[in-house]
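Colleague: got a predicted structure plus its sequence, pasted below:
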Amino acid sequence: MDLVFSQEDLDFQEEIRSFLTSEYPLDIKERQDNRLPFEPEDVIKWQKILAKKGWFAINWPKKNGGTDWSPTKKYILQNELAVANTPIIIPFGVSMCGPVVYTFGTDTQKRQHLPGILNSDVWWCQGYSEPGSGSDLASLQTKAKLQGDNYIVNGTKSWTTLAQHADWIFCLVRTETTNIKQEGISFLLLDMKSPGVEVKPIITIDGSHEVNTVHFDNVKVPTENLVGVEGQGWKIAKFLLRHERTGIAGIAALKRELKRLKEICANVILGEGSLLDDPSYRRKLEAAEIELKATEFTELRTLSQISSGGAPGPESSILKIKGTELQQTISELFIEMLAYYSHPFFNETELGSNEAVGPDYAGAAMPHYLNFRKVSIYGGSNEIQRNVIAKAILGL
Amino acid sequence: MDFSFNEEQTLIQRQVAQFIQRDYEWEKRQALAKSELGFSSENWKIFADLGWLGISLSEESGGFGGSALETMIIMEEFGKGLVVEPFLETIVLCAGLIDSCGNKDQKSEILKKVISGEMHLALGFVEPQSRFNLADVITEAKKKGDGFVLNGFKSVVMNGPSANNIIISARISGKQSEEEGISLFVVDPKLEGVSLRNYPTVDGRRASEITLENVDVSSSCLLAEEGKGFKELEKAIDSATLAICAEAIGAMEVLYKTTVEYTKIRKQFGQAIGKFQVLQHRMVDMFMEYEQSKSLLYMATIKQAEKAEDSKKAISGLKYQVGKAAKFIGQQAVQLHGGMGVTDELNVGHFFKRLTTIITIFGNTDYHLKRYSQL
């Protein structure tokens, strides 16, 4: 990969831009541009539009309904979508469950689940963390006991993102208690409509309902919903965590937000000039920009090393750490730019309003800052990611 | 040199701490923050009965003649309970301002009611373009007969919704950012032409956007000398900055201690997470930021109480340190609590939110570092 796009790449870029002009629904665009709270309908509608064009499951192999695209081509599409601020793709189906099913699943499982994911007809959520198992995921306690043709599942999953909308959940469960905690874990697909599944909301400090606790009380799961071999779930979990870590940097979205912040700052009056003329604020903006450039090229270097469809190695931990640190830094710079106007607060779940006080871009900044404290915690906390780098890369 | 409190001060501290412990349980605080008013009138009455409202006001105004030290003691304890009652706004900021520059009538009419708990106050000192510059005032005052007519806009006026009187900074002469030509007016929000848009803030408190449209006020509403309000305004903001730093330090103490306790109980990988060295060092840094903040708080408060020449500079130095510490301690307390730290249910997130607004209120770290270097 060199720094210059080929003519083919540039043509593709043009194709995406004209596609966005004609196919990106204006009502969704307006809600996105105003940073209004997330609407599941918007996401599904948008994912279906992408799927129709064949631009949805771009990381999947072609034989499973994907693309076999080069890393450069994928990068160009993701970049253009982020620049246009289209709704983020919900990763649980297409980026997580899908790759697991086509890599480890049976033919029946592939036939049953892949089309629903590709067409965004089935909403998936991820049953990993538990109240007692966060960073130490392998200590999970949700039990699945074999009884005839079914597993009987009992236990609790927590921080389950968007479970309130989910049709299915993929779960790590304990099918056997062994001395080594990584053994005896299995990967199950579970229908959320099964009797005994209960979803309870967790309200976060930004006032939103994004995560949930999911309780399983004697939930019957047919054995054909086991993915891979019983007791080999940890292998799948590790495969999946690496997948999760690459998308997490969100470079293109960061570039878009930093650009937007700069544009707003240029219009924030400060004495005779604008906030951009304030040297101490300006320095922080520029430092973020440099860090972002470095992270972008770290990602590009990582991408160029992996072949199409392959999973990246522990290097993806660098991207997770740097990407999330930047997300938090930029969200901080937003509230710093707003000063007092970052304080008015309309709690989405209680007051049902997010009408801005002050400039129209003000309302979303504080909830975003608060919500984004999660990014250094989820997907393997940044402390755990540093452990991964220390161990797997530095050999410490 | 002596950093201990005298007998009376120790007594007040114990009294406030006891109130927080006994009568200000977390669930009650949360219910108050979510109520229409945003705080408890009964609590306010208790504050009045216990003499806290007048403790730092001059005897001439009906207070007890205390100093910045007493305010500091109360605010630090309030910080530990994340108290939502507007002591900072009504008492420290506004009553302090009137006590310092009000005339006899203003003191007797307003401060008497404030001290007895019957009146709330707010200060409109921020405008959409002003950020932290107190002299950046577009709101204008024009002479009209014996009185004045006010026009303009004040933003994010803390405690605006409950205030029976709102002190407004307005320009009577001079250019937009000149210190000269700023006057202060005590405005009854019920006057014709005053309109408030009230809303909650992220720290569970209340504020208002205030529009002033041809508001006629009498000359008796003028606070301090005409056109000479800036110095008084700056003094009041400095006193309130000290007080809010004391509150922040109380909140930081709770946060670092809560985090230490949590990491002793929370187990992952077969041991308490507090056993991991990387987390130990993080918590040591939190602790040190807290201690450094407290040291500057004592220094600045003593200087203020002694009316030292460099007390302004000391206050800016303190606010810089507190801003830095509040951000680090707040963010790390959330991080070390993991997912629990971002829940609405746990108190940690709410302490974090208050510390986040305190970083901005009366000037952020950049502003105070610059002010420090210029003083």
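Modeller: Nice, I can see it. Numbers count the residues shown, from 1 in each chain, chains lettered A, B, ... in the order given.

Colleague: could you use CA atoms for every contact and neighbour count after this?
Modeller: Will do.

Colleague: and the nearest residue to residue A:29 once chain neighbours are set aside, how many neighbours?
Modeller: What sits nearest to residue A:29 in space, not counting adjacent residues and going by Cα to Cα, 6 or more residues apart in numbering or on different chains, is residue A:86, at 6.9 Å. Residues lying near residue A:86 (other Cα atoms under 10 Å in any protein chain shown) number 22.

Colleague: now whichever residue of the stretch 101-250 of chain A sits closest to chain B: phi and psi?
Modeller: Per Cα to the nearest Cα, residue A:204 is where the stretch 101-250 of chain A lies closest to chain B, at 4.1 Å. Its backbone dihedrals place residue A:204 at phi -100, psi 170, with angles given as degrees, to the nearest 10.

Colleague: give the contact list for it.
Modeller: The contact partners of residue A:204, taken as Cα atoms under 8 Å, 6 or more residues apart in numbering or on different chains, are A:210-211, A:371, B:342-345.

Colleague: before we move on, back to that, list the contacts of the residue nearest to residue A:29.
Modeller: A:24, A:29, A:32.

Colleague: what's the helix or strand for it?
Modeller: Taking DSSP states H and E as the definition, one finds residue A:86 inside no helix or strand.

Colleague: let me know the pLDDT of it.
Modeller: According to the prediction, residue A:86 has pLDDT 96.

Colleague: quick one: it and residue A:208, what's the gap?
Modeller: 21 Å (Cα to Cα, to the nearest Å).

Colleague: ditto for residue B:149
Modeller: When distances are taken as Cα to Cα, residue B:149 and residue A:208 turn out to be 44 Å apart.

Colleague: which residues touch residue 192?
Modeller: In the absence of a named chain, chain A is used. With Cα under 8 Å, 6+ apart, residue A:192 has these contacts: A:166-169.

Colleague: the intended chain is chain B.
Modeller: By Cα under 8 Å, 6+ apart, the residues touching residue B:192 are B:215-216.

Colleague: cool, the one 3 residues further on as well?
Modeller: By Cα under 8 Å, 6+ apart, the residues touching residue B:195 are B:189, B:210-212.

Colleague: using CSV, write out every CA atom in the one helix or strand it maps to.
Modeller: Taking DSSP H and E as the definition, residue B:195 sits inside strand B:194-200. What follows is the C-alpha trace of strand B:194-200 in CSV, where atoms were taken according to Å, rounded to 0.1, in the frame of the first residue of the first chain:
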residue,chain,number,x,y,z
VAL,B,194,-37.8,39.5,32.5
SER,B,195,-38.3,36.0,31.2
LEU,B,196,-36.6,32.8,32.3
ARG,B,197,-36.1,29.5,30.6
ASN,B,198,-35.4,27.0,33.3
TYR,B,199,-33.7,23.6,32.9
PRO,B,200,-31.8,21.0,34.9
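
Colleague: okay, buried residues for that strand please.
Modeller: Buried residues in strand B:194-200, counting neighbours by 16 or more other Cα atoms under 10 Å in any protein chain shown, are found at B:194-196, B:198-200.

Colleague: which of the contacts of residue A:204 fall in helices?
Modeller: Using DSSP state H to define helices, the subset of those located there is residue A:371.

Colleague: what sits against the residue of the stretch 251-375 of chain B found nearest chain A?
Modeller: Nearest residue of the stretch 251-375 of chain B to chain A: residue B:343, at 4.1 Å (Cα to the nearest Cα). Going by Cα under 8 Å, 6+ apart, residue B:343 touches A:202-205, B:349.

Colleague: and residue A:266, by the same measure?
Modeller: Counting by Cα under 8 Å, 6+ apart, residue A:266 makes contact with A:274-276.

Colleague: for chain A, which residues are neighbours of chain B?
Modeller: Taking Cα under 8 Å from any Cα of the partner chain, the part of chain A that reaches chain B is made up of A:132-136, A:139, A:159, A:202-207, A:268-271, A:280-281, A:336, A:339-341, A:343-346, A:358, A:366, A:370-371, A:373-374, A:376-378.

Colleague: show me what the longest strand anywhere in chain A is packed up against.
Modeller: Using DSSP state E to assign secondary structure, the strand with the most residues in chain A is strand A:209-222. Using 3 or more Cα pairs under 8 Å, 6 or more residues apart in numbering or on different chains; DSSP states H and E, the elements in contact with strand A:209-222 are strand A:150-161, strand A:185-191, strand A:197-203.

Colleague: give me the average confidence score over that strand.
Modeller: 97.

Colleague: show me what counts as buried in that strand.
Modeller: Neighbour-count burial for strand A:209-222, counted by 16+ other Cα under 10 Å, picks out A:209-216, A:218-222.

Colleague: tell me the gap between it and the middle of its chain.
Modeller: Taking the mean of its C-alpha atoms, strand A:209-222 sits 21 Å from the chain's own mean (Cα atoms, centre = their mean, to the nearest Å).

Colleague: what does stretch B:125-142 give?
Modeller: How far stretch B:125-142 lies from its chain's middle: 19 Å, per Cα atoms, centre = their mean.

Colleague: before we move on, what about stretch A:197-209?
Modeller: Taking Cα atoms, centre = their mean, the mean C-alpha location of stretch A:197-209 is offset from the chain mean by 18 Å.

Colleague: which one of the contacts of residue B:343 is nearest to residue B:161?
Modeller: Of all the contacts of residue B:343, residue A:205 has the smallest distance to residue B:161: 23.8 Å, by Cα to Cα.

Colleague: re earlier: out of the buried residues of strand B:194-200, who's nearest chain A?
Modeller: For the buried residues of strand B:194-200, the closest approach to chain A (Cα to the nearest Cα) belongs to residue B:200, at 5.8 Å.

Colleague: elements contacting the longest helix seen in chain A?
Modeller: When secondary structure is assigned using DSSP H, the longest helix within chain A turns out to be helix A:279-305. Using 3+ Cα pairs under 8 Å, 6+ apart as the contact definition, the elements that helix A:279-305 packs against are helix A:251-266, helix A:316-338.

Colleague: as JSON lines, those with mean pLDDT would be great.
Modeller: Rendered in JSON lines, the data for the helices and strands packed on helix A:279-305 read as follows (pLDDT from 0 to 100):
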{"stretch": "helix A:251-266", "mean pLDDT": "95"}
{"stretch": "helix A:316-338", "mean pLDDT": "95"}
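
Colleague: can you list those helices in JSON lines and add distance to residue B:281?
Modeller: Shown next, in JSON lines, are these (distance: least, Cα to Cα, whole Å):
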{"stretch": "helix A:251-266", "distance to residue B:281": "30"}
{"stretch": "helix A:316-338", "distance to residue B:281": "19"}
